[in-house]
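In: next input, structure requested:
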Amino acid sequence: MNDLVQEIRYNEILHAIVIRKKYYEALTTTVFVSPPECPLQIGFLAYPEAHSVLRHKHPRIQIGTVEFSECTIVVSGSEEVNIYAECGSKSTVVLEAGDILVVYNGWHDIKTKTTLLAIEVKLGPYRNEKEFS
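Out: The predicted structure follows:
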């Protein structure tokens with residue numbers, strides 16, 4: 001990885017990926033940044049004008065263990081996110097407009113630095129914050 005795509009790992013376990021806006025702004029080819037074994041795949045699709053993707057359906061498959069992952073895309077504003085490993089180690093990242101964070105393992109908390117608008121993608125149903133405290 002590089003400065004624009006950062007993996008946060010503890011004891012070789014992937015806890016999160018941070019993708020900076022500058023990484024994907026100039027992409028000209030399709031690329032996936034998440035490792036293939038991750039339950040939530042993050043990819044950037046870059047197609048030329050008039051490109052077509054044939055009609056298709058994603059197969060429904062039964063997975064023995066469901067791992068809950070979360071993807072946050074900062075639309076505007078900024079936030080500070082702490083990512084914690086089970087052992088107590090912590091990494092802190094600041095996300096700005098256009099940045100993307102994918103959390104795969106461990107705990108995390110968020111503190112907004114400015115007024116924030118973000119898109120969050122995760123498996124449903126949505127559960128309110130009180131259920132996690």
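In: spatially central residue in the protein, please.
Out: With distances taken as Cα atoms, centre = their mean, residue 102 lies nearest the centre of the chain, 1.9 Å away.
In: list the contacts of residue 77.
Out: 97, 112-118 (Cβ atoms under 8 Å, 6 or more residues apart in numbering). C-betas here are computed from N, CA, C, even on glycine.
In: can you give me the strands in this protein?
Out: Along the chain, counting by DSSP state E, strands occupy 5-10, 13-19, 31-32, 43-44, 70-76, 78-84, 90-96, 100-103, 107-112, 117-122.
In: make a markdown table out of the ones you listed and add mean pLDDT and distance to residue 51.
Out: Below are the strands of the chain laid out as a markdown table (pLDDT from 0 to 100; distance: least, Cβ to Cβ, whole Å):
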| stretch | mean pLDDT | distance to residue 51 |
| --- | --- | --- |
| strand 5-10 | 95 | 24 |
| strand 13-19 | 95 | 23 |
| strand 31-32 | 94 | 16 |
| strand 43-44 | 94 | 14 |
| strand 70-76 | 96 | 23 |
| strand 78-84 | 96 | 34 |
| strand 90-96 | 96 | 30 |
| strand 100-103 | 96 | 23 |
| strand 107-112 | 95 | 36 |
| strand 117-122 | 93 | 24 |
